[in-house]
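Chemist: got a predicted structure plus its sequence, pasted below:
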Amino acid sequence: MSSFENLRVVDNFYQTSLFFPMPTVVVSTLCEDGSTSLGPYSLVAPYYIAGKDYYAMLLCCRNSSNTAQNILRNGKCALNFVDDKPSTFKECVKLSWPGDKPQDKMPKCSFRLEKSLIEEETGEKRPQVLTDAIEAIECTWVRELDGAQDDKPGILDGYEGPYHDFNGITSKFGAHFILRIDRILMKRKYRDAIINGVKVSDFPPLPVDYGYRDSKNFWFHRKRRMHAELLPIRKQSLESVRYAANRADDIVKFTDDALQTILNVPRVFLPVVLKGCVAWAKENNLTLVTAEHMKIINDKRSKEKSKK
């Protein structure tokens, strides 16, 4: 006998048929007049995380929303991750009423805004970012994916098909936007933690959102104490790693001390790791990778540390 009960899957299943933990993200976009509009969203997730020439996030939203219409128009947005104070969540809920126009809701909004770093550096017009955010991701919609480049704003009562599979207008009332990451912004305290290594006390107070339920309330809970669980190490033999390294490239080779540093890499990831090391060596005109070189390669934040 199963210990579970079946629950019917219905529309908006993530909040009607599940307890699905989500982030709370305030998306800032550019209106036609150049002003910034804000809308809170939870269906925001990493999309392209490795293996391509850019990184991307995914935003799912109603296609008639101010956010979707602005992205369809100019392709720019910022994903602002806010703190877990009840007053902050209350402000997000105030911004969430469907149909409210930016000119009506923005004058009443208490979130502080500041100019985009990209706009400061390049002059390119961008949505403002939340001064009160813990971190923000400045993005550009990759409109050419899935043939979505012809999707246009202006339809507020439902788009007719045919629809795209994963980018642009994906249903009568829905939209998905694959957003290229242009810049990640973070308050100094948390940026330093990522660069130097995180401790229990370094994690920011980000809320966990459980969505709109029972046609009445938005639900969330505040950050609780973080816990770390050590990953058990399964080391490969030096001989097996050397065998793979010798076949990674005809020119670039590794010392045994260098290979010792990657004995704990799972076998399925080893070719990718070696390929990355070979690419780094060629960029730096090296034919022999040592343990010292591996320290530099493994430290993805070495450039930031060298600037301190």
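Modeler: Yep, it's here. Given the structure is predicted, the values throughout are model-derived calculations rather than measurements.

Chemist: where along the protein do the strands fall?
Modeler: Assigned by DSSP state E, the chain shows strands spanning 25-30, 36-41, 44-48, 56-62, 76-81, 113-114, 129-130, 135-141, 168-169, 174-186, 208-213, 217-221, 253-254, 288-289.

Chemist: any idea how far the nearest residue to Tyr55 once chain neighbours are set aside is from Val142?
Modeler: Leaving aside its sequence neighbours, Tyr55 sits nearest to Ile181 (C-beta to C-beta, 6 or more residues apart in numbering; 4.5 Å). Where C-beta positions appear, they are placed from N, C-alpha and C, glycine not excepted. To Val142, Ile181 is 10 Å away according to C-beta to C-beta, to the nearest Å.

Chemist: try Lys216
Modeler: Counting by C-beta to C-beta, the separation of Lys216 from Val142 is 37 Å.

Chemist: ok, these two, which is more surrounded?
Modeler: Taking other C-beta atoms under 10 Å, Lys216 and Val142 do not tie; Val142 has more neighbours (20 against 7).

Chemist: give me the domain ranges for the chain.
Modeler: As assigned by automatic domain parsing, the chain contains the domains 13-221, 238-300.

Chemist: other SSEs contacting the longest helix seen in the chain?
Modeler: Longest helix in the chain, counting residues (DSSP state H): helix 270-283. Counting contacts by 3 or more C-beta pairs under 8 Å, 6 or more residues apart in numbering; DSSP states H and E, helix 270-283 packs against helix 238-246, helix 291-298.

Chemist: wait, doesn't the residue nearest to Tyr55 sit right on Asp53?
Modeler: No: in this structure, Ile181 is not within contact of Asp53 by C-beta atoms under 8 Å, at 12.0 Å.

Chemist: more neighbours: which of these two?
Modeler: Set side by side, Ile181 and Asp53 show more neighbours around Ile181, with 17 against 6, by other C-beta under 10 Å.

Chemist: make CSV out of the domains of the chain and add distance to Asn6 and mean pLDDT.
Modeler: Converted to CSV, those look like this (distance: least, C-beta to C-beta, whole Å; pLDDT from 0 to 100):
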stretch, distance to Asn6, mean pLDDT
domain 13-221, 10, 96
domain 238-300, 35, 93
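
Chemist: give me whichever of those is most buried.
Modeler: The highest mean neighbour count among the domains of the chain, using mean count of other C-beta atoms under 10 Å, belongs to domain 13-221: a mean of 17.

Chemist: how far does that one sit from its chain's centre?
Modeler: Once both centres are worked out by C-alpha atoms, centre = their mean, to the nearest Å, domain 13-221 turns out to sit 10 Å from its chain's centre.
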